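**Q** have a look at this fold, sequence not included:
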């Protein structure tokens, strides 16, 4: 079975910003998917959230963010959609795992779209993915992750 990798906001935003300290590590995960080695899954709303991170948190100019995101959307990624059941399940998962509903939404979505892994730099997902039929994938070494908080206004 071909791998199906669900991308989160962190992974996509970092992929699009070449001078981000995690960029090279994320590129090494996403680029093979763009060449067809596996399927990249992108929540339909995610590009809008990435746009917000780029422009509001990382001060990327609006026109640059727009062009970069539109270019990424022209790549071979599978756009996936949440359903009412996905959202309702996220609340159940949040209660069961004792975690916030936003992160648990990704767990619910990964289940719904039969993802084989979730690509993120959010270390909370390591615990959240335990016991699931998909894996946590964070290619960024801990020492590089530690530098993320130093980026002014960073969300990821």
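**A** Here it is on my side, so go on. Bear in mind that the values here come from a model prediction, so they are computed numbers and not experimental data.
**Q** just confirm residue 118 is within a strand.
**A** Yes - Residue 118 sits within a strand when classified using DSSP: H, G, I helix; E, B strand; the rest coil.
**Q** host element of residue 136?
**A** strand 135-137 (DSSP states H and E).
**Q** pLDDT on the following helix or strand past that strand, on average?
**A** Counting by DSSP H and E, the next helix or strand C-terminal to strand 135-137 is helix 142-148. Computed over helix 142-148, the mean pLDDT rounds to 83.
**Q** how about helix 142-148: buried residues?
**A** For helix 142-148, burial by neighbour count (16 or more other CB atoms under 10 Å) applies to 144, 145, 148. C-beta here means a position set from N, CA and C on the backbone, and glycine is covered the same way.
**Q** residues in contact with the closest residue to the second one other than its chain neighbours?
**A** Think residue 145. Once flanking residues are discounted, residue 145 sits nearest to residue 121: 6.4 Å by CB to CB, 6 or more residues apart in numbering. By CB atoms under 8 Å, 6 or more residues apart in numbering, the contact set of residue 121 is 10, 11, 14, 22, 26, 138, 140, 145, 148, 156.
**Q** rerun at 6 Å
**A** By CB atoms under 6 Å, 6 or more residues apart in numbering, the contact set of residue 121 is 10, 22, 138, 140, 156.
**Q** show me what counts as buried in the longest helix seen in the chain.
**A** Secondary structure assigned by DSSP state H gives helix 84-97 as the longest helix of the chain. Within helix 84-97, the residues that count as buried by 16+ other CB under 10 Å are 86, 89, 90, 93, 94, 97.
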